[in-house]
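Novice: Could you work out the structure for the sequence below:
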Amino acid sequence: MLRLIRYITSLTIIFSLLNCSEESSIWTDPNPTGAPAPIILSIVPDSGFAGSEVIVTGENFSTDINHNMLLFGSVVAVVKEASTTELRVQLPMVNDQTVIPKLAVIGSEFWGYWEGETQDTSGNTIDDTLAFTFYKALNALTDTLYWPAGITTGPDSTIYFIVNQSGGDWSRGLYSLSQAGDVAVVKTSSVLGNLIYEANTDTIWGSNLRRGRELGWISAIPFDGSTSFKKKIKNTIAPSGIDFQESTGNMFYSSLGYYEMNITPVEDSFDTTITDISGGIYWEPVPGRVFVGTALSDTTLGIKVADYSRPTSCKIMGDYLYVTQAGHTEGAAISRNQIMGETLGETEVVLDEFENVYTLEFDVDGNLYFVPDGSSTLYRYTMDTGELVEFFPNDIVPTANYMTWDGINLLLVYSNIPDDFEVTAATDPGMIQQVYVGTTGYEQ
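Specialist: As a prediction, this is how the structure comes out:
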């Protein structure tokens with residue numbers, strides 16, 4: 001085995017994660033020839049997903065985590081614990097690649113890594129480069145889709161999603177995608193927006209936007225042999241999101257709002273007045289969470305419990321209802337209201353660093369995930385610390401309009417819907433992407 005340590009041509013190293021002065025991100029080695037070069041002997045395991053942890057063993061490491069810069073290819077990893085012979089490392093956001101790890105340590109002017117040749121048990125010479133393989137964490141679950149919309153995971157981990165424009169091998173309707181990868185049409189459908197599976201009633205609920213400004217409705221399809229959506233809440237004002245309160249089974253849904261035009265005769269002409277009816281959050285009781293009889297049958301509207309400009313989705317986590325907004329004239333992209341029985345508390349800003357967010361999801365630890373409008377980066381936001389972390393920058397489907405979990409994977413739907421849902425047809429393709437984010441998340 002040949003140990004090869006390469007010379008760093010400059011004594012100045014860009015050490016982005018090391019202790020740097022506020023004035024400069026350039027680190028200058030204070031003793032460029034006084035310390036031996038680091039040596040990497042092993043990485044265990046030698047393959048894994050971005051965000052998982054590995055143990056790097058070797059020689060001449062620094063005991064200060066900030067004095068070790070470990071690169072996987074060209075991307076810096078997070079060193080979480082360090083001794084002179086071992087590093088506990090969180091892998092960076094690299095997807096589906098095999099790369100050469102290399103290490104720089106303050107005090108040495110050399111990179112350290114293994115690269116060389118050795119012989120196998122038969123005496124054959126083989127390459128002995130120490131490499132690390134990143135598993136594929138991003139997958140396209142479908143081929144070209146035109147205006148895909150709501151997505152949810154139902155019984156037996158089957159995925160259900162909406163296609164709103166016929167094209168290629170796809171028709172307009174509700175589809176199922178099994179764990180084995182089998183795709184089937186459940187029903188041709190006019191549900192244009194959000195989907196959610198409600199386990200207590202064994203029912204998929206869907207919102208019909210009516211293409212933005214017109215009155216829509218909320219429908220349901222129970223898994224009782226039925227193959228059709230049934231209108232349960234009529235004349236809703238462009239419903240965009242639905243969620244259920246676990247303790248009561250009651251429904252909350254978001255409404256985008258619409259414009260109301262009044263024409264008043266004035267002598268020999270007419271005076272036209274356009275009134276902006278803002279959206280909001282509505283509450284609808286679902287007695288006993290039983291989908292039988294007249295429960296929610298032919299209900300017209302719910303009770304408005306919060307005003308929002310243009311709420312695009314709502315999601316319950318704990319005692320709070322979280323609301324996203326896009327194309328809004330007031331408020332933040334992500335806000336929340338405390339659920340207080342049949343009412344909501346005052347609106348609280350959660351995140352206002354982004355102008356437009358269409359949807360969000362939570363993990364079991366209460367961290368929220370979202371892809372801002374126009375972005376191709378998945379973000380995780382931790383409520384307690386305010387930490388904002390990026391997943392796979394530039395590799396995520398742009399502007400995730402709908403989102404749900406498939407086990408430990410996030411399913412992101414890029415609908416390619418311009419102008420805040422207001423389209424009559426979508427001719428450019430969207431897609432559904434599966435993203436592995438790990439069981440514990442990623443730290444920077």
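Novice: for the chain, which spans come out with low pLDDT?
Specialist: 1-34, 114-121, 125-128, 189-191, 210-215, 225-227, 258-278, 286-301, 417-428, 439-444 (pLDDT under 70).
Novice: Domain boundaries for it, per the record?
Specialist: Listed domain ranges for the chain are 12-134, 138-436 (source: automatic domain parsing).
Novice: mind listing what the helix or strand where Arg336 lies pairs with, with the direction of each?
Specialist: Assigned by DSSP states H and E, Arg336 belongs to strand 334-340. Using DSSP bridges, the strands paired with strand 334-340 in its sheet are strand 320-325 (antiparallel), strand 343-344 (antiparallel), strand 348-351 (antiparallel).
Novice: Looking at these, which one is packed in the most?
Specialist: Mean neighbour count (mean count of other CB atoms under 10 Å) peaks for strand 320-325 among those, with a mean of 26. Bear in mind the C-beta positions are built from the backbone N, C-alpha and C, glycine included.
Novice: mind checking how far the nearest residue to Lys136 once chain neighbours are set aside is from Tyr436?
Specialist: Excluding the flanking residues, the one nearest Lys136 by CB to CB, 6 or more residues apart in numbering is Asp96, at 4.1 Å. Between Asp96 and Tyr436 the distance is 11 Å, computed by CB to CB, to the nearest Å.
Novice: Which neighbours do those two have in common?
Specialist: 135, 137-138 (CB atoms under 8 Å, 6 or more residues apart in numbering).
Novice: Ile218 reaches Pro239, doesn't it?
Specialist: Yes: here Ile218 reaches Pro239: they are 5.5 Å apart, a contact under CB atoms under 8 Å.
Novice: Mutual contacts of the two, please.
Specialist: Overlap between the contact sets of Ile218 and Pro239, as judged by CB under 8 Å, 6+ apart, is given by 207-208, 233, 253.
Novice: Most neighbours of all these, which one?
Specialist: Counting neighbours by other CB atoms under 10 Å, Ser207 leads the shared contacts of Ile218 and Pro239 with 29 neighbours.
Novice: which residues does that one bridge with?
Specialist: Counting by DSSP bridges, Ser207 forms beta bridges with Ile218.
Novice: Isn't it up against Ile237?
Specialist: No: contact criterion CB under 8 Å: Ser207 and Ile237 do not qualify, at 11.1 Å.
Novice: If any of the shared contacts of Asp96 and Tyr436 are buried, put those into a ChimeraX selection.
Specialist: Listed next is the ChimeraX selection for buried residues among the shared contacts of Asp96 and Tyr436, using 16 or more other CB atoms under 10 Å:
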select :137,138
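Novice: right, and out of the shared contacts of Asp96 and Tyr436, which lies closest to Asp352?
Specialist: Among the shared contacts of Asp96 and Tyr436, Leu138 lies closest to Asp352 (CB to CB), at 28.5 Å.
Novice: Does the closest one touch Met93 like I think?
Specialist: No: using CB under 8 Å, Leu138 is not in contact with Met93; the gap is 10.5 Å.
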